[in-house]
Every structure is written in C-alpha cells, then in structure tokens.
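**Student:** need coordinates for the following:
(one chain, ligands or ions: 1)
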Amino acid sequence: MTSLAAVETARAEHAALHRVIHDMEDLAYHLAGHPGPAAFRALDLILEVLDRHVTGYMADEERTLYPLIARQLGGPAATATMIEDHREIGRWVDRLVGDRRDLEEAAPPQLERARQGLYSLAALLDLHVRKEELIYLPALRRVASASAPERPPASITP
Ligand SMILES: [Fe+2]
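**Tutor:** Residues are numbered from 1 along each chain as shown. Just a heads-up that it's a prediction; the model follows:
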C-alpha cells in the first residue's frame, strides 16, 4: 500500500469511527434510568460494529499503516504505544461484549457498569484516533508529497 492510499483509507475509517464514538456517548446517556428495547438494540448494533469492524480495522492498521509510520518515524518504537492502545481498546470491547448478556434484566449497578464502559471506550477511541490524525497521518502525507512526481515547469504547461 502506498503512503497516499494509507492516508486515504485511514481518513475514511476515522470518519466512521467518529460516528461510532458519537453513537456510544449518546447510547451511554440513554442507558441511564429505565432503558427500553430500542436502547438494547442500539447497544447490540454498536457492540457488533466494535467487535467486528473496529477490532478488525486495528489489526489492519498494524499490518499496513503502522509499518509505513514506523519507517517514517524511525522504527517500531514509534508505534509501540499506539499498538498498546489497540490492546486496551480490545480489552474494553471484550468487557462490554461479555457484560451484554442478560443486561435487560440487570440491576442498576450492571447498567451503570455498561454506561461507564461505553463512556470509557469512547474517550479512549477518540484520543487514539486524534493522535493518529495529528501525528501519524501528517507524517505519511509528507512521504506521499515527497515521492509524488514533480509537476512540469509552468513554461511547458499547455
Ligand atoms: Fe489505531
């Protein structure tokens, strides 16, 4: 994958992640009190996106985007802390998926634990995505523009 293609892929995935983060915060708010069936359907949808898409995307990043970043920023140490973010995000997703069973009949402390998990994971994901956008993607854009073919001089441009 080229640096430019990696940047474009990451930008599209991040746009989707920002929507998921917003939905998680919104759902955490609505799980307070006495949530109805619609809230639990929304929870199931979010958990499916997190469990299948988000964790799969993080694995893709480690195979494609992060090696390019490591090459640009001086070695694997440049991505080590972000890979640890991925592990922590995965642990929070596993916790939420594990807590989902029987949540409709759950007592308030279990619902509160689910809300806390959604808020915590949303904050962690938001910080992780912002770090990639602020540090990693500009580094890859510099590589992409340095390796782009030069434009012809203006004097020979039609
Ligand atoms: Fe990531």
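
**Student:** show residues contacting the helix or strand harbouring R115.
**Tutor:** R115 is located in helix 108-131, with elements delineated by DSSP states H and E. Contact with helix 108-131 is made by 14, 17-18, 20-21, 24-25, 27-28, 31-32, 35, 43, 46, 50, 54, 82, 85-86, 88-89, 92-93, 95-96, 99-100, 103, 106, as judged by Cβ atoms under 8 Å, 6 or more residues apart in numbering. C-beta: built from backbone N, CA, C; applies to glycine.

**Student:** which parts of that helix are buried?
**Tutor:** For helix 108-131, burial by neighbour count (16 or more other Cβ atoms under 10 Å) applies to 111, 114-115, 117-118, 120-122, 124-126, 128-129.

**Student:** can I get it in PDB, CA atoms only?
**Tutor:** Output in PDB follows, covering the C-alpha atoms of helix 108-131 (Å, rounded to 0.1, in the frame of the first residue of the first chain):
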ATOM      1  CA  PRO A 108     -28.800  -0.700  38.200                       C
ATOM      2  CA  PRO A 109     -25.100  -1.400  39.000                       C
ATOM      3  CA  GLN A 110     -24.800  -3.600  35.900                       C
ATOM      4  CA  LEU A 111     -26.300  -0.900  33.700                       C
ATOM      5  CA  GLU A 112     -24.100   1.600  35.300                       C
ATOM      6  CA  ARG A 113     -21.100  -0.600  34.500                       C
ATOM      7  CA  ALA A 114     -22.200  -0.800  30.900                       C
ATOM      8  CA  ARG A 115     -22.600   3.000  30.700                       C
ATOM      9  CA  GLN A 116     -19.100   3.500  32.300                       C
ATOM     10  CA  GLY A 117     -17.700   1.100  29.700                       C
ATOM     11  CA  LEU A 118     -19.200   2.900  26.800                       C
ATOM     12  CA  TYR A 119     -18.000   6.300  28.000                       C
ATOM     13  CA  SER A 120     -14.500   5.000  28.800                       C
ATOM     14  CA  LEU A 121     -14.100   3.200  25.500                       C
ATOM     15  CA  ALA A 122     -15.500   6.300  23.600                       C
ATOM     16  CA  ALA A 123     -12.900   8.500  25.300                       C
ATOM     17  CA  LEU A 124     -10.100   6.000  24.600                       C
ATOM     18  CA  LEU A 125     -11.100   5.600  21.000                       C
ATOM     19  CA  ASP A 126     -11.400   9.400  20.500                       C
ATOM     20  CA  LEU A 127      -7.900  10.000  21.900                       C
ATOM     21  CA  HIS A 128      -6.400   7.200  19.900                       C
ATOM     22  CA  VAL A 129      -8.000   8.400  16.600                       C
ATOM     23  CA  ARG A 130      -7.000  12.100  17.300                       C
ATOM     24  CA  LYS A 131      -3.300  11.000  17.900                       C
END
